[in-house]
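>>> Quick one, structure for this:
(one chain, ligands or ions: 1)
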Amino acid sequence: MSLIVNGTEIPATGTIKFNGVSLEKVIFDGVIVWSKEAIMSRKGFLCGNWKMNKTWDESIALAQEILATGVNTTNPETVLAPATCNLKAVADTVGTNLGVCSQFVSNATNGAYTGQVSAAMLANVGCKYAIINHSETTYFGLTPEAVTGNEQASFYNNFNIIAGQLGQCFQNNITPILCCGENLTIREKWAHKTWVEYQLRMSLASITADQVEKMIIAYEPIWAIGTGKTATPAEAEEMCSHVRTVISEMYGSSAGDQVRIIYGGSMNAKNASELLSQTNIDGGLIGGASLKPADFATIWNAFSK
Ligand code: PEP
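Prediction:
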């Protein structure tokens, strides 16, 4: 989909001249739909979330197969998120060619938190990224039908936990990938924009502009994760653009321009190209397709184009 303003097509990349004048930014309905510096300066980002798949040996083999396709972290910045117990194996396998990401990080520094993993522990095994508030973690044990969307609202503490997780990441030089997104019930009530704005404002309450510019925000509609249902490029772009607007309102337009916003939800080798060409989608959080080296490479190549 391209945006036409007064007969001039707004490109996804590059420069634009309008009536002979070079434009820096195009604002449509209060939303930055195009910004030269932002597009030039935001580096793409891909994360392959392996979820609870692959043993230690299989993780090493998968990382090797992905490397053999030519995928690397030069551009887009590309990271793999294996199970916690396999982080070290993957970190040693990929070296500096790819980043390594945890699927979870604790809000606590250390202590009696059975089953959790601290940011310091992650940093110590070479992990430099962590996913926060992934719906499969936050809503673990609840069926999709049972998730009403009020869990984070009613368990107010969840936002305090997210704040703690973000804080732990920043203290340990780990880049947080903060997930947000609505379930089907919320979307059907047409409340998805309000919900995502609420999630962001609550989750980021203690975060500074400098910090937000360093994070990745993943818009992940819960109804599209692992379901094979993908948001259309227009739906995904609308929400990623909305996230950028909220960040701009909270922290100013510079932070809004800088923060990287990625889409996640059944992105695959077929639909990646169109999703990744949207103005406000800076990359992808990829589950199922990241377990197939050829498909992950196709997504990575779609991005590089
Ligand atoms: C995810 O793991 O965040 C995800 C989007 O998974 P999938 O691509 O399988 O939907």
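>>> Tell me which stretches of this structure form helices.
Taking DSSP state H, the helices of the chain run over residues 36-41, 56-68, 87-94, 119-124, 135-138, 151-154, 157-171, 184-188, 192-203, 209-214, 233-251, 253-258, 272-276, 293-304.
>>> So what's the residue count around whatever residue of the stretch 201-305 of the chain ends up closest to the ligand?
Proximity of the stretch 201-305 of the chain to the ligand (C-beta to the nearest ligand atom) peaks at Gly287, 2.2 Å away. Any C-beta I mention is one placed from the backbone N, CA and C, and that applies to glycine too. Using other C-beta atoms under 10 Å, Gly287 has 24 neighbouring residues.
>>> show me what contacts the residue nearest the centre of the chain?
For the chain, the residue nearest the mean C-alpha position is Ala218 (2.7 Å; C-alpha atoms, centre = their mean). Applying C-beta atoms under 8 Å, 6 or more residues apart in numbering, we find Ala218 in contact with Cys47, Ile131, Ile177, Leu178, Cys179, Cys180, Gly181, Ile261, Ile262, Tyr263, Gly264, Leu285.
>>> ok, 10 Å please
When contacts are counted by C-beta atoms under 10 Å, 6 or more residues apart in numbering, Ala218 touches 45, 47, 49, 131-134, 177-181, 240, 243, 260-265, 283-285.
>>> Poorly predicted segments of the stretch 151-300 of the chain, please.
Low-confidence segments of the stretch 151-300 of the chain (pLDDT under 70): 151-157.
>>> swap the cut-off to 50 and go again
Flagging of the stretch 151-300 of the chain using pLDDT under 50 yields the residue ranges 153-156.
>>> how about the residues of it that lie near the ligand?
Counting by C-beta under 6 Å from any ligand atom, the positions of the stretch 151-300 of the chain adjacent to the ligand are Glu220, Ile225, Gly226, Gly264, Gly265, Ser266, Met267, Leu285, Ile286, Gly287, Gly288.
>>> number of nearby residues for the closest residue to Ala297 other than its chain neighbours?
Distances taken as C-beta to C-beta, 6 or more residues apart in numbering put Thr69 closest to Ala297, at 3.7 Å, once the chain neighbours are dropped. Residues lying near Thr69 (other C-beta under 10 Å) number 15.
>>> phi, psi of Thr69?
Dihedral angles of Thr69 (phi, psi; degrees, to the nearest 10) stand at phi -80, psi -10.
>>> show me what contacts it?
For Thr69, counting by C-beta under 10 Å, 6+ apart, the contacting residues are Pro293, Ala294, Asp295, Phe296, Ala297, Thr298, Trp300, Asn301.
>>> State the pLDDT value of Trp34.
With respect to pLDDT, Trp34 scores 56.
>>> mind starting the numbering at 147 from now?
OK, 147 is where the count begins now, so the last one is Trp180.
>>> hang on, the earlier thing: contacting residues for the residue of the stretch 347-451 of the chain closest to the ligand?
Taking C-beta under 10 Å, 6+ apart as the contact definition, Gly433 lies against 193-197, 199, 227, 280, 282, 366, 371-372, 410-414.
>>> again, but for Lys438
Contact partners of Lys438, counting by C-beta under 10 Å, 6+ apart, are Gly194, Leu208, Glu211, Ile212, Asn414, Ala415, Thr444, Ile445.
>>> What separation is there between the residue nearest to the last one when sequence neighbours are not counted and Leu192?
Read it as Ile445. Distances taken as C-beta to C-beta, 6+ apart place Ala418 nearest to Ile445, at 4.2 Å, with adjacent residues excluded. For Ala418, the distance to Leu192 equals 9 Å [C-beta to C-beta, to the nearest Å].
>>> anything in contact with each of these two?
With C-beta under 10 Å, 6+ apart, Ala418 and Leu192 have common neighbours Gly430, Ile432, Phe442, Ile445, Trp446, Ala448, Phe449.
>>> which one of the residues you listed has the most neighbours?
Counting neighbours by other C-beta under 10 Å, Gly430 leads these with 30 neighbours.
>>> beta partners for it?
Beta bridges link Gly430 to Leu192, Tyr409, judged by DSSP bridges.
>>> I'd say it and Phe191 touch.
Yes - Gly430 lies in contact with Phe191 (C-beta atoms under 10 Å); the separation is 8.0 Å.
>>> Overlap of the contact sets of the two?
Shared contacts of Gly430 and Phe191, defined by C-beta under 10 Å, 6+ apart, are found at Pro222, Ala364, Ile408, Phe449.
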